[in-house]
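Student: Predicted structure and sequence below. I'll ask about it afterward.
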Amino acid sequence: KLALRTGADVLPVYFFGNTTVLSVLKTGPLAALSRKMGVSITFFWGRFCLPVPKPVKLVYARGQPLGLPHIEEPTDTDVDEWHAKYCVAVKQLFDVYKCKNPDYAMKELHIM
């Protein structure tokens, strides 16, 4: 909505590998609470069991600007329309570049 109001353009982007840089506790009460809240409040670790990122391949995929119009008072319909276009662009990036990172080659992106 802010981008539409100000006339700022938006770039679709996707980072491959960022979820493998650190490991997280996947079971227990903190993990369950994290899933319920939608925020990680669990223990995490990386290289040498420290909060140091693991040496994994990261791929940054960037698409073309969407070309958002300047709408001083965008309606919910305007926001929904451009949000849907953004989601399509991100999904296309994912599908094109997922082969660059073996951990993602067989995965599908689901945007909720």
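Tutor: Alright, I've got the coordinates.
Student: and the spatially most central residue of the chain, backbone torsions?
Tutor: Closest residue to the average C-alpha location of the chain: residue 14 at 5.6 Å, with Cα atoms, centre = their mean. Backbone torsions of residue 14, given as degrees, to the nearest 10, read phi -150, psi 140.
Student: Might one say that it is in contact with residue 96?
Tutor: No: taking Cβ atoms under 8 Å as the definition, residue 14 is not a contact partner of residue 96, at 9.7 Å. For the C-beta atoms, the positions are set from N, CA and C on the backbone; glycine is no exception.
Student: So for these two, which residues contact both of them?
Tutor: residue 61 (Cβ atoms under 8 Å, 6 or more residues apart in numbering).
Student: rewinding a little: let me see the contact set for the residue nearest to the centre of the chain.
Tutor: Listed by Cβ under 8 Å, 6+ apart, the contact set of residue 14 reads 60, 61, 90, 93, 94, 97, 109.
Student: Name the helix or strand for the third one, please.
Tutor: Read it as residue 90. Residue 90 is located in helix 76-97, with elements delineated by DSSP states H and E.
Student: helices or strands up against that helix?
Tutor: helix 2-6, strand 13-16, strand 59-62 (3 or more Cβ pairs under 8 Å, 6 or more residues apart in numbering; DSSP states H and E).
Student: Show me what the longest one is in contact with.
Tutor: Applying Cβ under 8 Å, 6+ apart, the external contacts of helix 2-6 come out as 8-10, 68-74, 78-79, 82.
Student: For it, list every residue counted as buried.
Tutor: Of the residues in helix 2-6, 3, 4 count as buried by neighbour count, 16 or more other Cβ atoms under 10 Å.
Student: Pull the distance from that helix to the chain's centre.
Tutor: 21 Å (Cα atoms, centre = their mean, to the nearest Å).
Student: Please apply the same query to the second one.
Tutor: Between the mean C-alpha point of strand 13-16 and the mean C-alpha point of its chain there is a distance of 6 Å (Cα atoms, centre = their mean).
Student: same check, this time on stretch 95-105
Tutor: Remark: stretch 95-105 is offset 14 Å from the chain centroid, using Cα atoms, centre = their mean.
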